[in-house]
Every structure is written in structure tokens, then in C-alpha cells.
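**Q** Sharing a sequence plus its predicted fold:
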Amino acid sequence: MTKFQLSFQEALEKLKNDKNNTVAYFFQEKNNKKGVLANKFFSIKSNFATTEGVSHASSISLLNFKPSYNATVFQKLINAGAQPLVKVHNDELGLGGKGLFSAFGKIVNPLDKTKLIGGSSSGSAATINFVHFAIGSDTGDSIRRPASFIGKVGFKPSYGAVSRYGLFPYATSLDTVAWLTHNVLDSILVSQVVFGSDENDLTSVEIDVKNVEKTKPKKVAFLDFDPEIEDYLVKKLYKLQNILKSDQVEIEIIKPDLNLLKTILPVYEIISYSEATSNLSAINGITFGNTEKNLKWEEIFIRTRSDGFGLMLQKRLIWGSFFLEKDNQAHFFIKAKKMRTLIKNYYESILNKFDLVVFPAFYGIAPDIQGENSEKSDKITNFILAISNLVGNPSISLPLGSYKNLPFNLAVDSKINSDAELLGFSLYLEEKISEVNNE
């Protein structure tokens, strides 16, 4: 189990000298509250509302936005004694997936600057070595894939387990508050503080995670994506399977319905871009956003959404508008929602038969930003993590191994609202994975 060991001052100095375009703001106010997270410090993504510092979600369009309230997750952490250290940059307004689309410069993998860090929680991942935990958001894989690229634990709770109040919306039916930690135990500690229903978020629910204990699962399904995953990853999976079998865990290898799983990406894109188009419509320079004086409202609107939005964001919103056009809705948006239901029913039929469903968090190590080993978008394991956003079940990304000094992770899922069970099983798996790597 990896433990975090930097002092506050050491972390602060390292972040001040960081050249990776990660830090949006250094918090100045000292938190004197006592609680279970006292003496622990954290980063938070810039798409969360905080009364101190910037809350621009790494977009020029919200450069001067000053919320009058704190996001629920932030306030709960403060009340528990945790000290916020930095607000970190992300792909603009939470859309991007690579770490290259912040308005304040691209964020690369600190382990190898030629590699992707992933996103949109890119700043969270790139600075996790300087904090006890990093709060971000996960709409498609925005915490769990970066976790794989840097070899840390990334946890996305069940949809609604944590209040989204104060998280700037990207895709409302998919957005989930999520976080990076150095080990499973720290993820449990954060969960115990931030889980719970909230009158400010009517989608939030009560899920009890107060008494999480290390638990050996009885039945585990491994989804077989060979041959699209790298050989070094396959070898680690085989070793883990054998160790689990030797500990009397029932293992079943499942050949998933690849034709159905191939639809995850287009379904995710159609739904998320459409919801983003609706959610971000208020950033128009009048309701929200920077307003230039002495301009007609049409000119304000156009400038806000052209000069204020990056090219990648503009493209996604154009697609979202296209999917929501009256003549296109039935062919795209409605069909995507129907396909989402099919995916949900299929995946739940697997989740309900096993304690855990396990598969690679990505097909290999972090891909090149550009070049021969750049991202392979045709591989299902390039976007498979989004299935838990479409379904709403909890999902955790656990370090599994490394290749050429770069890490890769294992994705571990369980059925909806079984977060406590997933975390307990993950404590067990964390130990077994250490056995894999000590052989």
C-alpha cells in the first residue's frame, strides 16, 4: 500500500515550482476545524464552486466568476478538518478527456512528458503526488483513466452517492464527484466524509459507507478483452487470477458482447454532448460569463461562445446542438437513450451475478500525446470505463503493474449502490495485487 509522506510546506514548494500548467489557485485561508481529516491537505478541480479563489473551470468564459457558496463536497471536507491546498486546472468546463484542453495550457503526464495524463481531471492527476487526495469529477472516466496513467487509486462512487451541488454541470445524468488517492484506505476515509444526500441535489441518495472492512469476494468475473490489450497487462491479469483462485475465490472469464460494448462511445458522446449543450447554454455573457460593454446582446453572446470557448468545446457543443435539433432527436438522441438502457440492462445482468467485475482500466500504459503509440480510439478498452457512468454503478481503478516505468491499472466494478462492498473488496484486492508484483 502506497502512503503519502510530504509535509504541507514541502508540497507547497513543489507545487509553486511545478511547470505543468496545473495550479489555478493557492488557497490562503487556514482551516482550523478539527475532524477525521485534520492534517490532511487536498486539491480540488476548478469546476467546483468555492468562495475563495477561482472557479472558472479552466475556461476564459468564466475567468472572473466568483461563487457566493461552496460546493457541498468542499464544505464537507472543510468541516472534517481537511486543508485545501490548491485549485487545479482541467480540460475546459470538464470536457476533453486528454488534459490538452485547458484554456491555460496543456497538462502532460509528470512521469513522461511525451505521454497523456488523461482528463478531464488532468490537474488532479498531475498533482496527486503533492496532496493526500485530489477531488475531481468523473463523467466518462475522468478520474479513473488518469489514475491508470499515473498508477494511483481512482474512485467513482455510485451516481448520486455524493452531492453534485457546486459541481459545474457537464452531462447531468453522468456527472459524478470522484477522487484520486494513494491507496484504498484513503479513498474510504474520503468517502465516509463526503457521501450522503443533500437537499440541494435531488439526485443524491444515502449510501452507508461507515463500516467498510477488508472482505474477500466469493465470485469475481474477469471480462476478456484479449487480444486488444497489451501482453504485459494480460500476464498480470493471469497472475492475479491464479492468486485469487489459490485463495478459494471463484473466478469466471466472460467473453463480453463486443458488438454492444462498441456502442458505448457513440452513446456516451451523443448523450453527454447533448446534455452539455443544454447545461452550458447559460454561459452567454449575459446570464453567466464575461460581459463586454457597449455591445448588443447578440454580439455579447457570439463573442462569449467564440472567444470565450476553446475549439474543442465549440466542436462538442455544435455536435450537441445537432443531436438536439428537432429533426435529429429521434434518430440520434432518443436512440442513444434507448441504447443506454440496453447497455445498462446487459451490464447489470453481469454485475448482479458476481461480487466484482474486473477488466483493464485501459489497454496498456499511457499513450503518446502524438506519434506511433498515440491513443487507439477503436479499442473498446479505450472507452470501456464509461460504462459505469452510463449505468451508474460504483467503479474503482487500482494500480496493477508497470511497463517501461509507466503504470497501468485494473478497473473493478460492482452493482449500483454497493459502494461499501466495493471498497471492502478493493482493500482485499490491493493486498493480492501486491502479491502479484512481489512474485
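**A** Structure received.

**Q** Give the full set of residues in contact with Ala371.
**A** Not Ala; residue 371 is Gly. By CB atoms under 8 Å, 6 or more residues apart in numbering, the contact set of Gly371 is Thr114. Bear in mind the C-beta positions are built from the backbone N, C-alpha and C, glycine included.

**Q** Next one: it relative to Thr139, how far apart?
**A** 27 Å (CB to CB, to the nearest Å).

**Q** same question, Ala80
**A** Computed as CB to CB, the Ala80 to Thr139 distance reads 25 Å.

**Q** Who has more neighbours out of the two?
**A** Using other CB atoms under 10 Å as the criterion, Ala80 and Thr139 rank with Thr139 on top: 27 against 20.

**Q** What's the end-to-end length of stretch 246-254?
**A** End-to-end span of stretch 246-254 (CA to CA, to the nearest Å): 20 Å.

**Q** Show me how far that stretch is from its chain's centre.
**A** Centroid separation between stretch 246-254 and its chain, computed with CA atoms, centre = their mean, to the nearest Å, is 29 Å.

**Q** cool, and stretch 215-232?
**A** Distance of stretch 215-232 from its chain centroid, counting by CA atoms, centre = their mean, is 21 Å.

**Q** how far does that stretch stretch from start to finish?
**A** 28 Å.

**Q** Check stretch 201-211 too.
**A** Start-to-end span of stretch 201-211 (CA to CA) is 25 Å.

**Q** Please apply the same query to stretch 130-140.
**A** In stretch 130-140, first residue to last residue: 25 Å (CA to CA).

**Q** Tell me where the chain has strands.
**A** For the chain, strands defined by DSSP state E occupy the ranges 23-26, 41-45, 83-88, 133-137, 153-156, 177-181, 219-223, 250-254, 356-360, 395-403, 406-413.

**Q** what's the third one packed up against?
**A** In other words, strand 83-88. If you count contacts as 3 or more CB pairs under 8 Å, 6 or more residues apart in numbering; DSSP states H and E, strand 83-88 packs onto helix 8-16, strand 23-26, strand 41-45, helix 72-79, helix 122-126.

**Q** That strand pairs with which strands, parallel or anti?
**A** Neighbouring strands of strand 83-88 in its sheet, by DSSP bridges, are strand 23-26 (antiparallel), strand 41-45 (parallel).

**Q** can you give me the offset of the shortest one from its chain's centre?
**A** Right, the one you point to is strand 23-26. On the basis of CA atoms, centre = their mean, strand 23-26 sits 20 Å off its chain's mean C-alpha point.

**Q** in that strand, what's buried?
**A** 23-25 (16 or more other CB atoms under 10 Å).
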